[in-house]
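Engineer: Provided below are the primary sequence and the corresponding predicted coordinates.
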Amino acid sequence: MKIINLLLLFFLIANLCNSQNNWYLVNSNVTSNLNEIIFINSDLKIGYIAGDSGVVLKTIDTGKTWSKQTINPVVNLRKIQFINSQTGWVTGASSIGINVFKTTNGGNYWSEIYNASDAICFPTGIHFINSLTGFITGGNRFSSSLTKGFIIRTINGGNNWTRENWNFDCISGISFKDAENGWMFTWYNIDSHFGELWLTTNHGVNWNSYLNADEFEFSSLFYKTLDLAWSFGKSKLNQNLLMLYEWNGNTWFPKWYDLVNYSYTSMFFYDSLNGVMCSDSGYIKKTSNGGTTLINQNPVIRTNLHSIVMISPMFGFAVGNSGKILSNSIIVGMSNNEENLPIKYYLHQNYPNPFNPITKIKFDIPTLYKGGRGGVSLKVFDITGREIQTLVNSDLKPGTYEITFDGSNLSSGIYFYRLEAGEFRDVKKLVLLK
């Protein structure tokens with residue numbers, strides 16, 4: 001009882017978080033590492049995720065549920081692109097080579113259209129300008145031997161491919177704005193370390209270097225307009241220096257920097273101002289001023305994140321290791337049953353309990369609820385009263401909600417979760433056994 005009273009006191013003085021900064025777990029039903037997420041521009045209800053062990057996930061309800069397909073279990077799929085709701089490509093690597101698969105029926109069936117024996121290299125980028133012309137980049141960023149970077153290209157939808165080897169360890173990624181204009185970034189790791197950003201204005205026939213950043217490795221790039229692009233670079237000389245560069249149509253210039261011990265693996269800008277980015281340490285940031293300032297986000301679990309996307313200025317997804325999908329939409333992150341609306345607040349016991357490492361927490365919001373300052377708050381605390389995670393912090397419609405809590409990053413022990421809405425407060429115990 002004393003512990004619960006202390007918790008209640010702690011809850012009363014805890015600061016409320018901005019709900020738009022919270023990122024919630026979405027159920028993926030897989031444990032494979034997830035490497036890239038995309039949505040179809042013509043129909044944002046449809047999205048795809050490429051993952052390890054040949055996993056491709058698909059949603060037709062804007063990310064609320066995902067169905068699984070396994071293309072080839074020995075291939076770790078890294079990059080995926082669709083040019084419409086039916087036609088798409090996915091590429092990955094196995095222990096013996098590189099593979100490319102294509103679908104023409106919305107992912108119901110995938111056929112292998114390219115494979116090459118190359119156990120050292122792996123694909124890092126894919127971009128199709130149209131249904132016929134496409135590029136795949138790759139290499140080995142950890143190489144200490146000669147020439148591993150490559151571009152393979154097709155002009156007939158992937159039926160035939162030609163390969164160009166570049167004098168770099170790795171071509172780390174590629175991004176096209178239209179049929180003519182595109183950027184790629186490269187990495188060289190012999191004797192000296194440097195990264196370069198290259199521009200083409202003739203659909204990849206010629207490439208010109210526009211930024212040679214000695215001691216910097218570029219980890220992500222996003223091309224928005226001909227006069228606007230962003231790229232993250234990490235210094236190899238000063239391991240803690242992270243730089244965001246911006247392209248203004250003529251030159252790349254430093255936009256933002258920080259001293260951190262991680263790299264940003266992916267970024268996405270919905271427009272010239274609103275963007276999000278994720279890191280290999282599980283950090284997520286957002287900007288509403290084109291990258292001048294970056295705001296910390298609050299993911300419910302921190303794991304290596306590989307890809308992030310926005311489908312509106314305030315709505316996005318990120319994916320990463322061990323099947324983790326995160327969204328900053330509370331409606332996507334939780335299931336809500338609006339049938340047989342409850343008549344009172346109720347916090348259910350989590351199930352299963354004890355758990356390892358996933359459990360479900362359900363709660364009821366009654367028909368008389370009208371929102372209010374702070375809305376609905378659901379938080380998890382350890383036995384000392386220290387806040388572990390904010391699972392919910394938002395105004396919600398009346399209904400019965402269920403949300404996933406993942407204790408993968410926690411030690412075995414007793415924890416508490418607490419629901420607060422208006423005058424209502426309730427605390428329950430959950431037990432993590434590993």
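Structural biologist: Structure's in. What do you need? Residues are numbered from 1 along each chain as shown.

Engineer: which residues does the residue nearest the centre of the chain bridge with?
Structural biologist: The C-alpha lying nearest the average C-alpha coordinate of the chain belongs to Ala318 (CA atoms, centre = their mean; 2.4 Å). Taking DSSP bridges as the rule, Ala318 bridges to Ile308, Leu326.

Engineer: before we move on, what about Arg153?
Structural biologist: Residues in beta-bridge contact with Arg153 (DSSP bridges): Phe135, Thr162.

Engineer: Would you check that it makes contact with Ile174?
Structural biologist: No: judged on CB atoms under 8 Å, Arg153 makes no contact with Ile174 at a distance of 10.5 Å. In this view, the C-beta of every residue, glycine as well, is placed from N, C-alpha and C.

Engineer: Now do stretch 117-124: distance from first to last residue.
Structural biologist: 16 Å (CA to CA, to the nearest Å).

Engineer: Flag every buried residue along it.
Structural biologist: 118, 121-124 (16 or more other CB atoms under 10 Å).

Engineer: what's the offset of it from the middle of its chain?
Structural biologist: 23 Å (CA atoms, centre = their mean, to the nearest Å).

Engineer: again with stretch 40-50
Structural biologist: Per CA atoms, centre = their mean, the centroid offset for stretch 40-50 relative to its chain is 14 Å.

Engineer: Show residues contacting it.
Structural biologist: Contact partners of stretch 40-50, identified using CB atoms under 8 Å, 6 or more residues apart in numbering, comprise 28, 34-39, 55-63, 66, 77-80, 82, 84-85, 88, 90, 92, 106-107, 309, 311, 317, 319, 325.

Engineer: Among these, which are located in strands?
Structural biologist: Taking DSSP state E as the definition of strands, the contacts of stretch 40-50 contribute 34-39, 55-59, 77-80, 82, 88, 90, 92, 309, 311, 317, 319, 325.

Engineer: where are the low-confidence patches of the stretch 151-300 of the chain?
Structural biologist: Along the stretch 151-300 of the chain, the model assigns pLDDT under 70 to residues 189-193, 239.

Engineer: And Ile174, how far from His306?
Structural biologist: Distance of Ile174 to His306, given as CB to CB, to the nearest Å: 16 Å.

Engineer: same question, Val55
Structural biologist: 13 Å.

Engineer: shared neighbours of those two, anything?
Structural biologist: With CB under 8 Å, 6+ apart as the test, Val55 and His306 both reach Leu34.

Engineer: Let me see the domain layout of the protein.
Structural biologist: 2-17+333-432, 26-331 (automatic domain parsing).

Engineer: Contacts only, for the residue nearest to the centre of the chain.
Structural biologist: Counting by CB under 8 Å, 6+ apart, the residues that Ala318 touches are 23, 37, 266, 276, 278, 284, 299, 305, 307-309, 325-327.

Engineer: where exactly do the helices run in the stretch 201-350 of the chain?
Structural biologist: Secondary structure of the stretch 201-350 of the chain (DSSP state H, counting those that start in this stretch): helices located at 330-333.

Engineer: Next, report how far stretch 114-130 is displaced from the centre of its chain.
Structural biologist: 21 Å.

Engineer: now do stretch 54-65
Structural biologist: 14 Å.

Engineer: and if you look at stretch 208-218?
Structural biologist: For stretch 208-218, the distance to the chain centre is 25 Å (CA atoms, centre = their mean).

Engineer: How much space separates Asp258 from Pro352?
Structural biologist: Counting by CB to CB - Asp258 and Pro352 are separated by 40 Å.

Engineer: Could you double-check that Leu378 lies in contact with Ile361?
Structural biologist: Yes: contact criterion CB under 8 Å: Leu378 and Ile361 qualify, at 6.9 Å.

Engineer: Overlap in contacts, the two.
Structural biologist: Common neighbours of Leu378 and Ile361, using CB under 8 Å, 6+ apart, are 391, 403, 417.

Engineer: can you list the residues you listed in TSV and add secondary structure and neighbour count?
Structural biologist: Below are the shared contacts of Leu378 and Ile361 laid out as TSV (DSSP: H, G, I helix; E, B strand; the rest coil; neighbours: other CB atoms under 10 Å):
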residue	secondary structure	neighbour count
Leu391	strand	23
Ile403	strand	23
Tyr417	strand	24
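
Engineer: what residues are up against the residue nearest to Asn29 when sequence neighbours are not counted?
Structural biologist: In space, and not counting its chain neighbours, Asn29 is closest to Lys68: 6.4 Å by CB to CB, 6 or more residues apart in numbering. Lys68 is in contact with 29-30, 55-57, counting by CB under 8 Å, 6+ apart.

Engineer: Which ChimeraX command selects the buried ones in the residues you listed?
Structural biologist: To isolate the buried ones among the contacts of Lys68 in ChimeraX, judged by 16+ other CB under 10 Å, type:
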select :30,55,56,57
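
Engineer: Would you point out the most distant pair within the contacts of Lys68?
Structural biologist: Distances among the contacts of Lys68 were taken as CB to CB; the most separated pair is Asn29 and Val56, at 13.1 Å.

Engineer: hang on, the earlier thing: between Arg153 and Ile174, tell me which one has more neighbours.
Structural biologist: The residue with more neighbours, out of Arg153 and Ile174, is Ile174; 24 against 17, by other CB atoms under 10 Å.

Engineer: Tell me the spacing between that one and Trp23.
Structural biologist: With CB to CB as the criterion, Ile174 and Trp23 are 27 Å apart.

Engineer: Equivalent analysis for Lys379, please.
Structural biologist: When CB to CB is applied, the distance between Lys379 and Trp23 equals 15 Å.

Engineer: Of those two, which one has the most company?
Structural biologist: Using other CB under 10 Å as the criterion, Lys379 and Trp23 rank with Trp23 on top: 26 against 22.

Engineer: beta partners for the more buried one?
Structural biologist: Under the criterion used (DSSP bridges), Trp23 bridges to Pro299.

Engineer: same question, Ser209
Structural biologist: Going by DSSP bridges, Ser209 forms beta bridges with Trp198.

Engineer: Please name the residues that touch it.
Structural biologist: 196-198.

Engineer: and which of those residues is nearest Gly157?
Structural biologist: Trp198 (24.9 Å).

Engineer: Now do the closest one against Leu221, distance only.
Structural biologist: To Leu221, Trp198 is 10 Å away according to CB to CB.
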